[in-house]
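In: Mind folding the following:
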Amino acid sequence: MADKSSGNSSDGTSQTVPLIKSVSSSRLHPSQQQHMQNQAESISAFSTPFSSPFSTPTSSPKSQPLVAKPPAKKLSLEDDLPSNVSTEEQLPELPDVCLSGNKERPLRHVNERGEISHYALQPMFYSVIFILLVELLERFAFYGINYTQTSFLTGAYDEEWNAGFASVQASSYVSISTAVAYTTPFLGAYLADALLGDYWSILFGSVVLYIPGLLLITLSTVPYLLGDRFNNKALSVGLLFLWPFGTGVVKSIVNVFGAKQFHPLLQSSLIESYYVNFYMCINIGALVGGIIVPIVAQYDVTLAYTYPVAMLGVGVLLFSMGTPRYVRHKPSGDLFSNKHIPGAPETKIGLLTIFRISTLIIPFSIAYSQMATTFIVQGTVMKKAFRFVDAASMNNADAVSVLTFGYLIGAKFYPALAERDIKIPTTYKFAIGSALGAVAILWALYVETIINEAYFERNEKATIMWQAPAYILIGVGEIFAISAAYEAAFTAAPPEKKVLASAINLFCVGGIPNVLCIGLYNLCAAWFRNSHGTTAIHRLEDYATANVDKYFWLLFGISMIGVVVNVLPGVRDFVASVEEEATDMIKTPVLTKRPTRHKRVLPADYSSDEESPLLRVKRHQAYLKYGTGPVMYKQGSMRAGPYLANKKAKKSLKKGAINRLYRVGGSSGGAGGSRGGGRPKPSIMVGAGGQPLMAGNISKRQGST
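Out: Sure, this is the predicted structure:
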């Protein structure tokens with residue numbers, strides 16, 4: 001029986017054949033020997049030795065060797081690693097360095113700081129479900145308050161106990177609150193990326209800020225509880241400070257924390273579906289909260305505002321239940337530092353670049369912001385539908401639109417385009433969203449004519465259902481614009497600044513647009529004045545004498561500017577280049593700067609004076625390929641000579657690059673390379689013949705015991 005570590009090829013040379021165990025080459029036809037030799041060589045490049053897939057032939061000279069079913073073949077050096085690993089059947093194909101050996105979390109990853117994390121095959125059901133639930137219930141609380149604040153401040157729910165605001169003042173108040181909510185994500189970014197980490201920052205924002213703010217808003221609705229008069233100060237603390245600060249902290253972190261539960265390489269394609277599910281949960285929470293809270297508020301506003309407090313409390317409890325399952329990373333400690341982490345791929349994508357991309361959705365976001373302000377003001381002078389669907393309840397049409405068209409676009413439209421190799425550029429998605437926002441504003445203008453016609457010609461109110469198309473159009477625009485903005489910000493951001501990038505994106509989605517809306521309200525205040533010269537237009541007779549239609553024409557122009565800017569070729573190419581660079585940064589582990597090596601001290605008998613020129617050439621070639629010797633870093637060990645440092649980046653991650661990415665000793669293509677061991681092997685030193693030597697052999701050569 002042939003030795004399992006060697007075999008003879010047809011030309012008689014000695015070859016390494018670790019797979020041949022029980023078949024003597026002398027008993028086979030030369031063509032069979034060559035076939036077995038080629039197969040063994042091709043498999044041994046990627047696998048550890050295992051029992052032979054060939055059985056012993058029978059005594060018949062015409063019989064062929066029986067072939068047993070081999071184990072799953074490891075991916076070759078030229079194959080792309082899968083980006084959708086979610087089943088156990090895919091694990092045997094992966095390099096050993098990507099496997100943790102943990103049954104619940106079998107996938108392994110080493111980040112740019114050398115931190116090892118283990119990931120589940122089905123993160124959506126293993127841990128992300130808890131994050132989606134807290135987001136759903138948090139959105140219930142947010143939109144339950146947001147949709148009803150304008151009506152509450154103007155006294156629509158309780159004429160005797162309210163803040164006594166006029167329509168424009170109430171709209172400005174709500175816009176300020178929303179602007180604060182979308183600006184404070186920067187606080188969340190600091191807490192998550194530099195101080196507390198994602199997990200503890202979510203709990204801090206929820207327990208210390210969010211829930212107390214909701215409680216204060218709820219208590220302000222109870223007559224005489226906080227004073228003899230309506231306590232505007234207490235309401236301001238809850239509505240303008242605690243509630244929006246808590247919202248901003250939680251909102252900026254929760255979507256990034258969910259995305260971090262996926263392996264950044266082997267499950268990267270699943271992140272897109274996660275964001276679709278994330279946005280669907282947002283709108284489920286908005287829909288349920290938008291139905292329950294406004295309807296209950298028509299009868300008892302205090303009871304209605306109790307529901308958001310209870311739902312967020314339940315959400316925090318569910319989030320805490322998933323604690324043992326989360327992948328949690330330590331904060332970097334320096335949020336705004338530009339210091340490059342050793343071993344991490346360098347990128348030219350900065351936070352300013354992410355800000356420039358996120359500003360492209362501001363025109364659509366201005367139209368989107370009207371749902372909680374001017375659309376509500378318009379709806380308050382219209383007749384309720386089915387006796388309970390009021391202006392605040394109409395926001396549910398937006399949530400239904402997002403859920404319905406989100407499914408159709410995500411499950412039908414995008415896959416149909418993918419089958420035809422068609423991909424909509426990100427800026428075109430922004431343009432589509434802005435165009436739909438413009439059409440929604442045009443429909444609001446049409447509703448203005450219906451309101452005036454019903455009042456002046458028939459002296460009656462128009463039904464509020466006329467507003468539904470405007471909300472539906474805004475909802476479809478969200479699918480294209482805002483969801484694309486979330487994904488672009490997360491993908492393009494440096495690994496250590498994901499939450500800060502999310503904060504910048506949210507600032508452009510809700511912070512800047514609402515600040516601009518506040519300015520527009522004040523600049524265009526004359527258009528909101530009735531025949532008496534006041535801005536109190538929550539009654540039909542006053543609203544009909546104002547010129548709100550001029551304000552809608554201004555909004556239409558702003559939305560069209562968003563369409564024009566996003567279809568410009570220069571803007572499209574800029575965003576596409578950033579996305580391409582971000583993809584290369586994630587999928588291609590390239591060392592752009594060679595790490596400092598320790599100088600190797602040569603032994604006394606290792607004199608270069610006795611070397612021939614040929615040996616010197618071989619030694620220099622080996623130096624270029626293997627480096628100078630063992631080098632230990634804080635994040636692991638790696639050998640990296642010019643061969644790796646100067647290698648041109650590829651767009652897809654190959655199995656051969658995994659060892660370099662995870663800092664496993666051994667070159668992917670060298671004689672001494674590691675082909676997939678799960679643990680780092682000893683780094684290689686070069687002998688006189690240019691071949692790698694193990695450390696044990698060198699010790700003997702130096703005369704050590």
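
In: so where's this protein uncertain?
Out: Residues of the chain that meet the criterion pLDDT under 70 lie in 1-79, 333-348, 496, 584-705.

In: so where's the longest helix in this protein?
Out: helix 426-458 (DSSP state H).

In: name the helices or strands packed onto that one?
Out: Contacts defined by 3 or more Cβ pairs under 8 Å, 6 or more residues apart in numbering; DSSP states H and E place helix 426-458 against helix 362-369, helix 374-379, helix 468-480, helix 482-492, helix 540-543, helix 548-566, helix 569-587. In this view, the C-beta of every residue, glycine as well, is placed from N, C-alpha and C.

In: redo that, cut-off 7 Å
Out: Judged by 3 or more Cβ pairs under 7 Å, 6 or more residues apart in numbering; DSSP states H and E, the packing partners of helix 426-458 are helix 362-369, helix 374-379, helix 468-480, helix 482-492, helix 548-566, helix 569-587.

In: what's the most buried one of the ones you listed?
Out: helix 362-369 (a mean of 27; mean count of other Cβ atoms under 10 Å).

In: Give me the residues contacting that one.
Out: Helix 362-369 has contacts (Cβ atoms under 7 Å, 6 or more residues apart in numbering) with 175, 430, 433-434, 437, 440-441, 474, 477-478, 481, 508-510, 512-514, 516-517, 555, 558-559, 561-562.

In: okay, the angle between that helix and helix 426-458?
Out: Relative orientation of helix 362-369 versus helix 426-458 (axes from the mean of the first three to the mean of the last three Cα atoms, to 10 degrees): 40 degrees.

In: how about helix 362-369 as CSV, C-alpha atoms only?
Out: Extracted in CSV, the C-alpha atoms of helix 362-369 (Å, rounded to 0.1, in the frame of the first residue of the first chain):
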residue,chain,number,x,y,z
ILE,A,362,-33.7,67.0,1.4
PRO,A,363,-36.2,68.1,-1.2
PHE,A,364,-38.2,64.9,-0.8
SER,A,365,-37.9,65.1,3.0
ILE,A,366,-39.4,68.6,2.9
ALA,A,367,-42.5,67.3,1.2
TYR,A,368,-42.5,64.3,3.6
SER,A,369,-42.5,66.7,6.6
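
In: tell me the angle it makes with helix 468-480.
Out: 140 degrees.

In: okay, the angle between helix 362-369 and helix 548-566?
Out: Between helix 362-369 and helix 548-566, the angle comes out at 150 degrees (the same axes, to 10 degrees).

In: in this protein, which spans are strands?
Out: For the chain, applying DSSP state E gives strands covering 7-8, 14-15, 107-110, 116-119, 632-633, 636-637, 685-686, 692-693.

In: if we can go back for a sec, could I get the helices and strands packed on helix 426-458 as a markdown table with distance to Glu88?
Out: Formatted as a markdown table, the helices and strands packed on helix 426-458 follow (distance: least, Cβ to Cβ, whole Å):
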| stretch | distance to Glu88 |
| --- | --- |
| helix 362-369 | 43 |
| helix 374-379 | 50 |
| helix 468-480 | 34 |
| helix 482-492 | 28 |
| helix 548-566 | 43 |
| helix 569-587 | 24 |
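
In: and of those helices, who's closest to Val309?
Out: Val309 lies closest, by Cβ to Cβ, to one member of the helices and strands packed on helix 426-458: helix 374-379, at 22.6 Å.

In: Please name every helix or strand in contact with that closest one.
Out: Counting by 3+ Cβ pairs under 7 Å, 6+ apart, helix 374-379 packs on helix 129-153, helix 167-183, helix 426-458.

In: Indicate which one of those is closest to Phe230.
Out: Across those, closest to Phe230 is helix 129-153 (Cβ to Cβ), at 10.2 Å.

In: Would you mind pulling up the elements that that closest one packs against?
Out: Counting by 3+ Cβ pairs under 7 Å, 6+ apart, the packing neighbours recorded for helix 129-153 are helix 167-183, helix 243-259, helix 270-297, helix 301-321, helix 374-379.

In: please redo it, this time with the cut-off set to 8 Å
Out: With contacts taken as 3+ Cβ pairs under 8 Å, 6+ apart, helix 129-153 sits against helix 167-183, helix 211-220, helix 243-259, helix 270-297, helix 301-321, helix 374-379.

In: that older thread, compare the helices and strands packed on helix 426-458 and give me the one nearest Glu272.
Out: Smallest distance to Glu272 across the helices and strands packed on helix 426-458 (Cβ to Cβ): 6.6 Å, for helix 482-492.

In: List the contacts of the closest one.
Out: Helix 482-492 is contacted by residues 255-256, 259, 271-272, 275-276, 278-279, 349, 353-354, 357-358, 361, 364-365, 368, 406, 426, 429-430, 433, 498, 501-502, 504-505, 508-509, 575, 578-579, 582-583, 586 when judged by Cβ atoms under 8 Å, 6 or more residues apart in numbering.

In: What's the PyMOL line that selects buried ones from the residues you listed?
Out: Filtering the contacts of helix 482-492 down to the buried ones (16 or more other Cβ atoms under 10 Å) takes a single PyMOL command:
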select buried, resi 255+256+259+271+275+276+278+279+349+353+354+357+358+361+364+365+368+406+426+429+430+433+498+501+502+504+505+508+509+575+578+579+582+586
